[in-house]
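Novice: kindly return the folded structure for what I paste below:
(one chain, ligands or ions: 1)
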Amino acid sequence: MTDQTPVHGCTIGGEPAMPILISEHTQLITRLAEAEAERDTARATNRRLNLEKQRLESELATYRRAVAQWEVSERGTYIPHASLQAIGKAGGVDLLGTVRHLKHFQRVEQAEDAIERVRELHRKANNGTTCVYCAGMQRIGYDTDWPCDTIRALDTPEPTP
Ligand SMILES: [Zn+2]
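Specialist: The predicted structure is shown next:
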């Protein structure tokens, strides 16, 4: 504003200046308030999206960790029970409560752990051809060569009837 004349008594296009200026001022204030409201909404949206992004990244990491426990080979894919539980939890589903097979998986894993413990006992000697456990028993006339009776029993599938 270079014109220092007081607005009182001035005219714009033949109309009294004051009401026109007041109206324009009001419009500017309204537009400013609208722009601020839009900015606040945009900020809130941005915050919400950032939180959502963090939540999704964390969920994705959970899925990736779970799937990384899967053992994939030519014979098939072994899916550990705990990994399914983790996936269910991340997805908001209690798999233990809804999938009956998981009880069976748990028993299978317990059985596999037990077999692993037996194999650990009946392992082949580092230097030699004997079974560490069976040779340790020092029974005369007992075949202590590895694989011993125990390991052979584990490795020989039951003949299908
Ligand atoms: Zn043995």
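Novice: from now on I want contacts and neighbour counts done on CA atoms only, so please keep to that.
Specialist: Will do.
Novice: close enough to count as contact, Trp70 and Gly76?
Specialist: No: judged on C-alpha atoms under 8 Å, Trp70 makes no contact with Gly76 at a distance of 10.3 Å.
Novice: more neighbours: which of the two?
Specialist: Trp70 (15 against 8; other C-alpha atoms under 10 Å).
Novice: now do the contacts for that one.
Specialist: By C-alpha atoms under 8 Å, 6 or more residues apart in numbering, the residues touching Trp70 are Thr77, Tyr78, Ile79, Pro80, Ser83.
Novice: any chance you could list what contacts stretch 42-61?
Specialist: Ala90.
Novice: show me where this protein has its helices.
Specialist: Remark: helices assigned in the chain by DSSP state H are 17-68, 81-90, 95-98, 101-121, 132-136, 149-155.
Novice: kindly reformat those as a markdown table containing mean pLDDT.
Specialist: Shown next, in a markdown table, are those (pLDDT from 0 to 100):
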| stretch | mean pLDDT |
| --- | --- |
| helix 17-68 | 93 |
| helix 81-90 | 84 |
| helix 95-98 | 64 |
| helix 101-121 | 82 |
| helix 132-136 | 85 |
| helix 149-155 | 89 |
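Novice: among these, which comes closest to the ion?
Specialist: Closest approach to the ion among the helices of the chain (C-alpha to the ion): helix 132-136, 4.3 Å.
Novice: and that closest one with the ion, contact?
Specialist: Yes: judged by C-alpha under 5 Å from the ion, helix 132-136 comes into contact with the ion at Cys134.
Novice: show residues contacting that helix.
Specialist: Counting by C-alpha under 8 Å, 6+ apart, Leu121, His122, Arg123, Lys124, Ala125, Thr144, Asp145, Cys148 sit against helix 132-136.
Novice: state the pair within those that is farthest apart.
Specialist: For those, the maximum inter-member distance is 14.0 Å, found between Leu121 and Asp145 (C-alpha to C-alpha).
Novice: circling back to that earlier point, buried subset of the contacts of Trp70?
Specialist: Ile79, Pro80, Ser83 (16 or more other C-alpha atoms under 10 Å).
Novice: tell me the one of the residues you listed nearest Ala114?
Specialist: Once C-alpha to C-alpha is applied, the member of these that ends up nearest Ala114 is Pro80, at 16.0 Å.
Novice: on that earlier part again, and of the contacts of Trp70, the nearest to the ion?
Specialist: Tyr78 (27.7 Å).
Novice: follow-up on the earlier one: filter the contacts of helix 132-136 down to just the ones in strands.
Specialist: Among those, DSSP state E puts none in strands.
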